[in-house]
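Engineer: Next one to model:
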Amino acid sequence: MQRSVLLRTFTTGLEVTVICLVLGYPYAYAMVAFGPAVRIALTLIVLVPFWTSLMVRTFAWVILLEDGGPIQTLLSFVGLGSVPLLRTNLGVVIGMSQILLPFMVLPLYAVMSGIDRRLVLASSSLGARPVISIARIWVPLSLPGI
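Structural biologist: Residues are numbered from 1 along each chain as shown. Down below sits the predicted model:
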């Protein structure tokens, strides 16, 4: 019993971490890449959860994920049928990802804003494709934020 709970806990934590990384990395990159007006809007979107009570956010997720709720209706409309979301591991992963996403985005943004973008331009001028430049220069330099 205890092993299954521990395994489920670590699995859920890993899933939430991967989801936050997959969603947060491009978001933080967009915060660095775009101009000041877009950066302010993206920062505001990230910071709104900090200004909202945890109880309010949790209650909102309960309403959204409940049987017959908006997400359930949307999934039925798309043709996925009735997918149970509330009181399931999937619901926990969705809620935790939303709550913990700013904790991934903000450190990534802080590290990425300090990376000299001329390094990527220099690698491309030396013949590296953009994907290679990002994989060999940008990602290793942004690892401290991850």
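Engineer: Distance of the residue of the chain positioned farthest from its centre relative to residue 29?
Structural biologist: Relative to the average C-alpha location in the chain, and by Cα atoms, centre = their mean, no residue lies farther out than residue 126, which sits at 32.7 Å. With distances defined as Cβ to Cβ, to the nearest Å, the gap from residue 126 to residue 29 amounts to 22 Å. Quick note: C-beta positions are derived from backbone N, CA and C, even for glycine.
Engineer: one step back: now do the phi/psi pair for the residue farthest from the centre of the chain.
Structural biologist: Dihedral pair for residue 126: phi -90, psi 0, per degrees, to the nearest 10.
Engineer: Tell me the confidence at it?
Structural biologist: According to the prediction, residue 126 has pLDDT 89.
Engineer: what's it in contact with, if anything?
Structural biologist: Residue 126 makes no contacts at all, as judged by Cβ atoms under 8 Å, 6 or more residues apart in numbering.
Engineer: what's the nearest residue to residue 123 if we skip its chain neighbours?
Structural biologist: Across the structure, with Cβ to Cβ, 6 or more residues apart in numbering as the measure, the residue nearest residue 123 apart from its sequence neighbours is residue 133 (4.3 Å).
Engineer: Could you give the number of residues near the one you found?
Structural biologist: The burial count assigned to residue 133 is 18, neighbours taken as other Cβ atoms under 10 Å.
Engineer: and it, what pLDDT?
Structural biologist: At residue 133 the predicted local distance difference test score is 90.
Engineer: How about residue 41?
Structural biologist: Residue 41 is assigned a pLDDT of 95 by the prediction.
Engineer: any idea which helix or strand carries it?
Structural biologist: With secondary structure defined by DSSP states H and E, residue 41 is part of helix 36-51.
Engineer: Would you mark the buried spots in the longest helix seen in the chain?
Structural biologist: Scanning the chain for the helix with the most residues, using DSSP state H, yields helix 2-33. Of the residues in helix 2-33, those buried under the neighbour-count criterion (16 or more other Cβ atoms under 10 Å) are 15-16, 19-20, 24-25, 27-29, 31-32.
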